[in-house]
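In: When you get a sec, could you give me coordinates for this:
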Amino acid sequence: MSHAEVADCLGEELTTVQGWFKQARSLLAESLRTQVRDIVGQYSTPGQLDQEFQREWDELADHLNRNGGLEAAIRQSHSQLEQGSDGSCRVKSEVLSGIYGAKTSPPEKGANAL
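Out: Predicted coordinates:
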């Protein structure tokens, strides 16, 4: 949906909805930055943390730019989910088959494999 369509559906001004999306993108970027730094901190030495973080952050940016950006990645991830009867979301089985191979079962719910 476009911002205008969202605004219309919610009965809000277009500029209000645009502000919400801008704020959401900013919060998402900051959360992603924090998570990348935390992950890098698990394997990097303190003296190399900033340099290694920047390398990983640049690599992530390059990957996203080559693949349509962050919004495209979110849309693709969403398209790979299916709604469970209990309201939960799970990755579509064909996606897991591609990741784990047809002869291997995906990890049990709650497993830290992904």
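In: what's the helix or strand for the residue nearest the centre of the chain?
Out: The geometric centre of the chain, computed from its C-alpha atoms, lies nearest to I74 (Cα atoms, centre = their mean), at 5.2 Å. Element membership of I74, judged by DSSP states H and E, is helix 69-79.
In: hmm, who's touching that helix?
Out: Helix 69-79 is contacted by residues R25, L28, A29, L32, L64, N67 when judged by Cβ atoms under 8 Å, 6 or more residues apart in numbering. The way it works is simple: take the backbone N, C-alpha and C, and place the C-beta from them, glycine included.
In: State the number of residues packed around the third one.
Out: If I follow you right, that is A29. A29 has 11 neighbours, counted by other Cβ atoms under 10 Å.
In: gap between the nearest residue to it once chain neighbours are set aside and S2?
Out: Counting by Cβ to Cβ, 6 or more residues apart in numbering, A29 lies nearest to L70, which is 7.8 Å off, once chain neighbours are set aside. Distance check for L70 against S2: by Cβ to Cβ, to the nearest Å, it reads 18 Å.
In: Between the two, which has more neighbouring residues?
Out: L70 (16 against 9).
In: And that one, what's its pLDDT?
Out: Looking at L70, its pLDDT is 82.
In: Can you name the residues that contact V40?
Out: By Cβ under 8 Å, 6+ apart, the residues touching V40 are L49, E52, F53, E56.
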